[in-house]
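> coordinates only, sequence not included:
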């Protein structure tokens, strides 16, 4: 015998976490490479900060961190 009222069963939606794409992982790897090179060049600076390494390393470090952020977003 069929019931007049059926039970309403609600199915919970599957929650998926955002996944970093292959392109994003490559961008993050490039950013990590820039940061490593920036720190290696930073070891060549002198205390006065007037050589080429003192000028180049901050740009590499900041650029690397920005590149990592872009890779996470994309």
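Structure received. Since we're looking at a predicted model, the values are computed, not measured.

> how about the strands of the protein, start to end?
Using DSSP state E, the chain contains no strands.

> pLDDT below threshold where in it?
For the chain, applying pLDDT under 70 flags the ranges 1-8.

> just give me how far stretch 30-47 sits from the chain centre.
18 Å (Cα atoms, centre = their mean, to the nearest Å).

> just the buried positions in that stretch, please.
30, 31, 34, 35, 38, 41, 45 (16 or more other Cβ atoms under 10 Å). For the C-beta atoms, the positions are set from N, CA and C on the backbone; glycine is no exception.

> what do you get for stretch 63-71?
By neighbour count on 16+ other Cβ under 10 Å, the buried set for stretch 63-71 is 64, 67, 68, 71.

> okay, helices next: where are they in this protein?
All helices of the chain, identified by DSSP state H, fall at 22-42, 52-73.

> and the shortest one, how far from the chain's centre?
Centroid displacement of helix 22-42 relative to its chain, using Cα atoms, centre = their mean, is 10 Å.

> what angle separates it from helix 52-73?
Compare the direction of helix 22-42 with that of helix 52-73 by axes from the mean of the first three to the mean of the last three Cα atoms, to 10 degrees and you get 160 degrees.

> for helix 22-42, packing partners?
If contacts are counted by 3 or more Cβ pairs under 8 Å, 6 or more residues apart in numbering; DSSP states H and E, helix 22-42 sits against helix 52-73.

> same thing with the longest one?
Helix 52-73 sits against helix 22-42, with contacts defined as 3+ Cβ pairs under 8 Å, 6+ apart.

> identify all contacting residues around the helix it packs on.
With contact meaning Cβ atoms under 8 Å, 6 or more residues apart in numbering, helix 22-42 is reached by 20, 53, 56-61, 63-74.

> redo that, cut-off 7 Å
The contact list for helix 22-42 (Cβ atoms under 7 Å, 6 or more residues apart in numbering) reads 53, 56-57, 60-61, 63-65, 67-68, 70-72, 74.
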